[in-house]
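# Predicted model and sequence follow; I will ask about them next.
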Amino acid sequence: MQSVEEILKRNSRVELDKAWETSKTRKVIIALITYFTASIFLFIIDNNAPFINAFVPTGGYLLSTLSMPLIKKWWVKNYIDKSVNILD
């Protein structure tokens, strides 16, 4: 059986992980990595404007992170409505 102290430590780790997953810092780092990776790939395949075209996947990533909270809110509402209907 876990002690209260172990459970509180685990909960703190879970909260930190969740905070990191939703942080702007994480999103910016992923966007930068996406941009540089796409730029390098486009440069290697001799794209005519690799540094400009690399904004396409980066922009896609950023748009997806901006829209996820809205999509999640819609999904949760619909999921809860369906769950309640099943239980009735």
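Structure received.

# now the most centrally placed residue in the chain: how far from Trp75?
By CA atoms, centre = their mean, the chain has its centre lying nearest to Thr65, at 5.6 Å. As judged by CB to CB, to the nearest Å, Thr65 and Trp75 stand 16 Å apart. C-betas here are computed from N, CA, C, even on glycine.

# What of Leu63?
Relative to Trp75, Leu63 is positioned 18 Å away (CB to CB).

# do the same with Leu16
Taken as CB to CB, the span from Leu16 to Trp75 is 25 Å.

# Tell me which helix or strand the residue nearest to the centre of the chain sits in.
Per DSSP states H and E: Thr65 is located in helix 55-87.

# Just the buried residues of that helix, please?
Phe55, Pro57, Thr58, Tyr61, Leu62 (16 or more other CB atoms under 10 Å).

# was I right about the second one contacting Phe36?
No - counting by CB atoms under 8 Å, no contact exists between Pro57 and Phe36, whose distance comes to 11.0 Å.

# Distance check, Phe51 against Lys24.
In terms of CB to CB, Phe51 sits 24 Å off from Lys24.

# which one of those two has more residues nearby?
Higher neighbour count among Phe51 and Lys24: Phe51, with 13 against 8, using other CB atoms under 10 Å.

# Any buried residues in stretch 20-28, and which?
Quick answer for stretch 20-28: no buried residues (16+ other CB under 10 Å).

# Any regions of this structure where pLDDT drops low?
Counting by pLDDT under 70, the ranges of the chain that qualify are 1, 83-88.
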